[in-house]
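Participant: below are the sequence and a predicted model for it; my questions follow.
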Amino acid sequence: MGHLINIAYQGGTHGNFLRYCIDRYSELTDPISELPFTINTSHKRLNYSKLITQYHPNIKEPYFKNTDEPHILITVNKNDLLFIERWVTIRASNFNINTNNNKIQLTPKFLKVFLYEEKIKQYFNINLKEVNYIVPRFVMRDLYKMTFLDPNKNGFITTNKSLLTHNPKNCFNFPVNTFWDTNKFLDTLENANQKFNLKLKMDDSIVDLHKTFLEKLDFLTTKNRVFEIINAIKQHKELDISNIDTVEQAFISSWIEKNYKFIQIPMCNQFFKSTTEIMDYLKYYPEHYKAMNPNLPKFNGIPNPFYLWNLKK
């Protein structure tokens, strides 16, 4: 017997929660009363129906399983990256990799899913095996910054592009950002229901269920904090930023480098503690240090020769 639906998704994009919702509310599956939540994920082991499967597709051929069966593909776009990257290393597969530590402990298992090892070797000449898979915080910040400067190089985006190109014929795209808003999530779920006749009978409990899901997304309340910081810099206002995380630091770093020519952010674990420190840095950045930024794909609207040279290395 085939599957009612196959859910394909990249790690950390809520595939487990979607499986739970379909399995619980479909009239074609046995009832589920227990909730799926652990401390901060939806990864609790439950007696799920075998009619619904969820899996991580491959990043190369063959991309998908069961390609003759209905699929839901959870998709990611560039605007999703800031929020996803802030918590994905902690939540995805319960890896619990905290990139906010000054010394970040990676693992071989984690690196099989998140392909940082080759980039760290290429950009920093660090063999992770030789350093027991520990890197300084500024290494991860710089990796994040590079993908914010050029989102086309981000692993979520490159993988998403490949999956969309090779997705099964009978496939529904489920944007990951709809999970972060109850109304959008329910509307998108209903669209999938209608397309595949999943016979979802969603009562009022799904609203409470989704509310609990959102409460587990620890970073949701600060989802747009970096934009408040950027506005404070533009308006020359003092703002304490001592509590922002590594990904937010990287995003602000990329914004500065894209908007202030010839300026690069220092490579050190310590980051600016306030917007005033950033404004002073920009104001007093030494003239004799200013040079074309090799990390920017374009400079004055034309391809940056230093960036192109780096790509060939």
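Facilitator: Structure received. Numbering: from 1, shown residues only.

Participant: and the spatially most central residue of the chain, how far from Asn77?
Facilitator: Closest to where the C-alpha atoms of the chain average out (Cα atoms, centre = their mean) is Ile84, at 2.8 Å. Ile84 sits 10 Å away from Asn77, taking Cβ to Cβ, to the nearest Å as the criterion. For glycine as for every other residue, the C-beta is placed from the backbone atoms N, C-alpha and C.

Participant: can you check Ile120 too?
Facilitator: Taking Cβ to Cβ, one finds Ile120 at 26 Å from Asn77.

Participant: higher neighbour count, these two?
Facilitator: Remark: of Ile120 and Asn77, Ile120 carries more neighbours, 21 against 13, as counted by other Cβ atoms under 10 Å.

Participant: the more buried one touches Tyr133, doesn't it?
Facilitator: No: if you go by Cβ atoms under 8 Å, Ile120 and Tyr133 don't touch, sitting 9.9 Å apart.

Participant: any chance you could map the strands in the stretch 201-313 of the chain?
Facilitator: Per DSSP state E, counting those that start in this stretch, the stretch 201-313 of the chain carries strands over the ranges 298-299, 302-303.

Participant: kindly check the end-to-end length of stretch 195-210 for me.
Facilitator: 22 Å (Cα to Cα, to the nearest Å).

Participant: quick one: contacts of that stretch?
Facilitator: 4-5, 21-22, 25-28, 35, 70, 172, 182, 185-186, 189-190, 192-193 (Cβ atoms under 8 Å, 6 or more residues apart in numbering).

Participant: can you list the domains in the chain?
Facilitator: Using automatic domain parsing, the domain parsing of the chain gives 5-77+156-220, 80-153, 224-312.

Participant: want to throw the ones you listed into a markdown table with mean pLDDT?
Facilitator: Shown next, in a markdown table, are these (pLDDT from 0 to 100):
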| stretch | mean pLDDT |
| --- | --- |
| domain 5-77+156-220 | 94 |
| domain 80-153 | 92 |
| domain 224-312 | 88 |
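
Participant: in the stretch 201-313 of the chain, which spans are helices?
Facilitator: 205-215, 225-234, 246-259, 275-284, 305-312 (DSSP state H, counting those that start in this stretch).

Participant: which helices and strands does the longest one pack with?
Facilitator: Where contact means 3 or more Cβ pairs under 8 Å, 6 or more residues apart in numbering; DSSP states H and E, helix 246-259 is packed against helix 81-91, helix 137-149, helix 225-234, helix 275-284.

Participant: buried ones in the last one?
Facilitator: In terms of neighbour count (16 or more other Cβ atoms under 10 Å), helix 275-284 has its buried residues at 275-276, 278-279.

Participant: which helices and strands sit right next to it?
Facilitator: Looks like helix 275-284 contacts helix 225-234, helix 246-259 (3+ Cβ pairs under 8 Å, 6+ apart).

Participant: next, format the ones you listed as JSON lines and append distance to Phe17.
Facilitator: Listed next are the helices and strands packed on helix 275-284 as JSON lines, based on distance: least, Cβ to Cβ, whole Å:
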{"stretch": "helix 225-234", "distance to Phe17": "24"}
{"stretch": "helix 246-259", "distance to Phe17": "22"}
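
Participant: so which of these is the most packed in?
Facilitator: helix 246-259 (a mean of 22; mean count of other Cβ atoms under 10 Å).

Participant: tilt between it and helix 81-91?
Facilitator: 150 degrees (axes from the mean of the first three to the mean of the last three Cα atoms, to 10 degrees).

Participant: CA atoms only: put helix 246-259 into CSV for me.
Facilitator: Provided in CSV are the C-alpha atoms of helix 246-259 (Å, rounded to 0.1, in the frame of the first residue of the first chain):
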residue,chain,number,x,y,z
THR,A,246,25.7,35.2,16.3
VAL,A,247,23.4,35.1,13.3
GLU,A,248,22.0,38.5,14.1
GLN,A,249,25.5,39.8,14.4
ALA,A,250,26.3,38.3,11.0
PHE,A,251,23.2,39.9,9.4
ILE,A,252,24.1,43.3,10.8
SER,A,253,27.7,42.8,9.6
SER,A,254,26.5,42.0,6.1
TRP,A,255,24.2,45.1,6.1
ILE,A,256,27.1,47.3,7.1
GLU,A,257,29.4,45.9,4.5
LYS,A,258,26.8,46.2,1.8
ASN,A,259,25.9,49.8,2.7
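
Participant: what segments of the stretch 51-200 of the chain are helices?
Facilitator: So, for the stretch 51-200 of the chain - with DSSP H, counting those that start in this stretch - the helices run 81-91, 108-113, 117-124, 137-149, 155-166, 182-196.
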